[in-house]
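Asker: with the sequence up front, the predicted model follows.
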Amino acid sequence: MGNGDSRVRGLAARAGGWSARHRWAAVGIWVLFVVLAMGIGSAAGRVDVDESDQLKGETHTAAQIIDDAGIKEPASETILIQSKDASLTSTDSEFRTAVTAVVKAVEGTGKVTDVTSPYDTRTISKDGRSALVQFDMRGDSDTAGDRVEPVLNAVAEVQKDHGSLRIEEIGGASMAKQYKDAFGDDFKKAEYSAVPVALGILLIAFGALVAALLPVALAMTAIIATMGLMGIVSHVQPMSDTANSVMLLVGLAVGVDYCLFYLRREREEREAGRDAGAALRIAAATSGRAIIVSGVTVCVAMAGMLFTGLAEFEAMGLASLMVVAVAMVGSVTVLPALLSLLGERVEKGRIPFLRRRSRRGNGESRFWTAVLKGVLAKPLVSVLVAAGALLAIAAPAVGMKTENLTLDQEFGNSLPIVGTYNRVNDAFPGGSEPAEVVVKAKDINSPEVKQALADFKAEAVSSGASLGPVDIKLHDAQNVAFVYVPLVGGSDQDKAAKSLETLRDDVRPATLGKVDGVQAPITGQVAGSHDFNDQLLGSVVPVFAFVVVFAFLLMLLSFRSLTVAITSIVLNLLSVGAAYGILVAVFQHGWGASLVGAEGVGAIVTWLPLFLFVILFGLSMDYHVFVVSRIREARLRGRTTRDAIQHGVVTTAGVVTSAAIIMVAVFAIFGTLSMQSMKQMGVGLAAAVLIDATVIRGVLLPAVMALLGERNWYFPKWLHRLPDLTHDEAPEPVPSSVAGEGEPVRV
């Protein structure tokens, strides 16, 4: 069977062997799977996360009451009319003329309803310089942003005739339109640019078009198949656009990485003198197995999001889990088939000016050979310096402040509507985002309910939670009332949250809470943020415990080493901690914030720390499993532990570096977006992957293993009953002159 003929056992090896022998069948099955998944998913349609399912607690209860009552809340809009100086107030004729013109203009569009004048609703600021014209958009609130442009144009025309006044519109519809105009294509551009960036880096890494296209093609087909699966699964677990974007990021990262690991090992074995068949079998038995171990670990980490109880997180977790599983299966099945079909043609399309870099024997990196020489010469010093540096970087994370970013924090001055938002909040604290009390009663018009509503309205102001005006909107037929309460604190999340607590803990029990059968959950932007934070904080411990415990067990079973399992967890936690420290330093403390366009944010978006923990813990295992597998492989061949560490790190350095550069480049694209939450995600992920692939895998891991020596392979006797998922690694590469003397490879 040629040089290096090897008998292989194990899932990855058997899958690779079958695919290589049944090449066209393997490719055909994969193509059929992708087509069927996409076709069935498209036919089934995607069910997105409903607002009523986003959160638990009061926010969920309020949304459920509204849904059950069949009430469709319209998109509310507000027009601020404000004097540019103190010389003009609401009592002046010019001001009144402007208000009348605004009311007439918006009514004339035919797109609005329930237009109210500030002189009727008393929505005039205390200094008399500001007033609010309020109205609702006709039609479905979800699509109001698509219909608001004529209203915005009408308001702009009135502004032209009143230069001494500032006339601006803000609301759900106008914000949605500005967001879509400014950033709607931002995400798409980032997503679309990720693929050519990855391809460009792979071209540099491989120097051949076909070899570079293979990982991208496999990753993209995995993503396409997962999109279809998301449509099918969404009928059980609703999905979202955010989940789709995260799925694409994760799918591209792991899909390219897995193929890169496999392809590089196959190339390395051929360069060492093995024939194509033997090289492919060894790649299946080694890199293929590492891909499965890594993939399962990443899936477990992503599954941690399912424990949050937050619909958006559950959607992201399930979508990410699916794309990793699909990419993993594709890498150990269809990739061997394609490599077998292509043979030497995988080197086709060589780029003239990108000649293959010269390598040391067995594909060892010269740079990392030099680094490892110093690290292994003084491992204790290396550990102290590297760990000390990472702990110093992680230190700012101790004072991390998380909050749902306000409009001005999220977009800064990049959107004109941010200025309007701030001016409305200054003149009418909490007016742009009032708390909404959804009151459900057996008879909303009964005397006791009416009195309780009146008492609530008065008490909300007298308690200091609101400066008013408190508005009540009745839905008699459904026995539901909406009470809108501007919160003291306005855009200051901390102060507004205290006002909300006063409403929930003091005002409501003393008024509406005294009427039997009345439900009065309080929702709104501030309440939603508060409930989200509470639920997210409550899920941190179970998610953390699930991910860490299961990752530990997988490492223990895969390497049958208690030391390796513990080391894996500790190093990954150190990597995540360093990423947290960088986020806090840049976005909260503002150190170097101008370099990434993050001045004045002052906080980390609430959902990001848990999201980063899950994503990074999973992705870090890619490199860790790949490197440690290679070290263990060399150790089982008879090398000393120190030689095995040297060999394992330097032979994997090239592929780990290429994979890390791709990940960093893709994540960095999201760091260039204007939304601070996306910028934070991109910077956090890019920084963590860079640290993980260099300091952690190139310095700390080899230094720690060198210090531990033979204790790296410690496995207590009482654990021997656990399933054995290890394998006997491939033999040392042999030159072509000794063909036919290959040793068995077991997985």
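Answerer: Perfect, I can see it now.
Asker: how near is the closest residue to residue 554 other than its chain neighbours to residue 276?
Answerer: In space, and not counting its chain neighbours, residue 554 is closest to residue 297: 5.1 Å by CB to CB, 6 or more residues apart in numbering. C-beta: built from backbone N, CA, C; applies to glycine. Separation of residue 297 from residue 276 (CB to CB, to the nearest Å): 30 Å.
Asker: between the two, which is the more surrounded one?
Answerer: residue 297 (27 against 18; other CB atoms under 10 Å).
Asker: surely that one is within a helix?
Answerer: Yes: according to DSSP: H, G, I helix; E, B strand; the rest coil, residue 297 belongs to a helix.
Asker: Provide a list of residues in contact with it.
Answerer: 551, 554-555, 618, 621, 625 (CB atoms under 8 Å, 6 or more residues apart in numbering).
Asker: could you turn the buried ones of the residues you listed into a ChimeraX selection?
Answerer: Buried members of the contacts of residue 297, defined by 16 or more other CB atoms under 10 Å, are picked up in ChimeraX with:
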select :551,554,555,618,621,625
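Asker: low-confidence ranges in the stretch 251-400 of the chain?
Answerer: Along the stretch 251-400 of the chain, segments meeting pLDDT under 70 span 353-365.
Asker: again, only using 90
Answerer: Residue ranges of the stretch 251-400 of the chain with pLDDT under 90: 251-298, 300-314, 316-317, 339-373, 399-400.
Asker: helices along that one, start to end?
Answerer: Ranges of helices in the stretch 251-400 of the chain, per DSSP state H, counting those that start in this stretch, are 276-303, 311-342, 366-377, 379-394.
Asker: the closest residue to residue 670 other than its chain neighbours: how many residues sit nearby?
Answerer: Nearest residue to residue 670, sequence neighbours excluded (CB to CB, 6+ apart): residue 682, at 3.2 Å. Neighbour count for residue 682, taken as other CB under 10 Å: 22.
Asker: would you confirm that residue 682 belongs to a strand?
Answerer: No: using three-state DSSP, the secondary structure at residue 682 is helix, not a strand.
Asker: about what we covered before: of all the helices of the stretch 251-400 of the chain, which one comes closest to residue 716?
Answerer: Closest of the helices of the stretch 251-400 of the chain to residue 716 is helix 276-303, at 21.2 Å (criterion: CB to CB).
Asker: now the angle from the closest one to helix 311-342?
Answerer: Helix 276-303 and helix 311-342 are oriented at 180 degrees to each other (axes from the mean of the first three to the mean of the last three CA atoms, to 10 degrees).
Asker: going forward, the N-terminal residue is numbered 7.
Answerer: Sure, I'll start counting at 7 from here, so that last one is helix 282-309.
Asker: packing partners of the host helix or strand of residue 229?
Answerer: For residue 229, the element it lies in under DSSP states H and E is helix 215-239. If contacts are counted by 3 or more CB pairs under 8 Å, 6 or more residues apart in numbering; DSSP states H and E, helix 215-239 sits against helix 29-50, helix 192-212, helix 247-277, helix 317-348.
Asker: of these, which approaches residue 183 most closely?
Answerer: Ranking the helices and strands packed on helix 215-239 by proximity to residue 183 (CB to CB) places helix 192-212 first, at 14.8 Å.
Asker: check contacts around the residue nearest to residue 623 when sequence neighbours are not counted.
Answerer: Among residues not flanking residue 623 along the chain, residue 307 sits closest, at 4.8 Å (CB to CB, 6+ apart). Residue 307 makes contact with 553, 557, 620-621, 623-624, 627, according to CB under 8 Å, 6+ apart.
Asker: may I ask you to name the longest helix in this protein?
Answerer: helix 531-565 (DSSP state H).
Asker: what residues of that one count as buried?
Answerer: 531-539, 541-542, 545, 549-550, 552-554, 556-557, 560-565.
Asker: for it, packing partners?
Answerer: When contacts are defined as 3+ CB pairs under 8 Å, 6+ apart, helix 531-565 sits against helix 63-75, helix 282-309, strand 408-409, strand 441-446, helix 499-508, helix 568-589, helix 614-642.
Asker: any idea how far it is from the middle of the chain?
Answerer: Averaging C-alpha positions (CA atoms, centre = their mean, to the nearest Å) puts helix 531-565 14 Å from its chain's average.
Asker: and stretch 560-580, what's its mean pLDDT?
Answerer: Throughout stretch 560-580, pLDDT has a mean value of 90.
Asker: what does stretch 36-53 give?
Answerer: If you average the pLDDT over stretch 36-53, you get 92.
Asker: quick check: buried residues in stretch 423-437?
Answerer: Buried residues in stretch 423-437, counted by 16+ other CB under 10 Å: 423-424, 426-431, 433-437.
Asker: contact partners of that stretch?
Answerer: Identification of contacts with stretch 423-437 by CB under 8 Å, 6+ apart yields 84, 86, 88, 129, 131, 135-136, 138, 172, 174-176, 180-181, 184, 413-414, 417-419, 438, 472-473, 491-497, 502, 505.
Asker: which of the residues you listed are buried?
Answerer: Buried members of those, counted by 16+ other CB under 10 Å: 84, 86, 88, 129, 131, 135-136, 138, 172, 174-176, 180-181, 184, 413-414, 417-418, 438, 472-473, 491-497, 502, 505.
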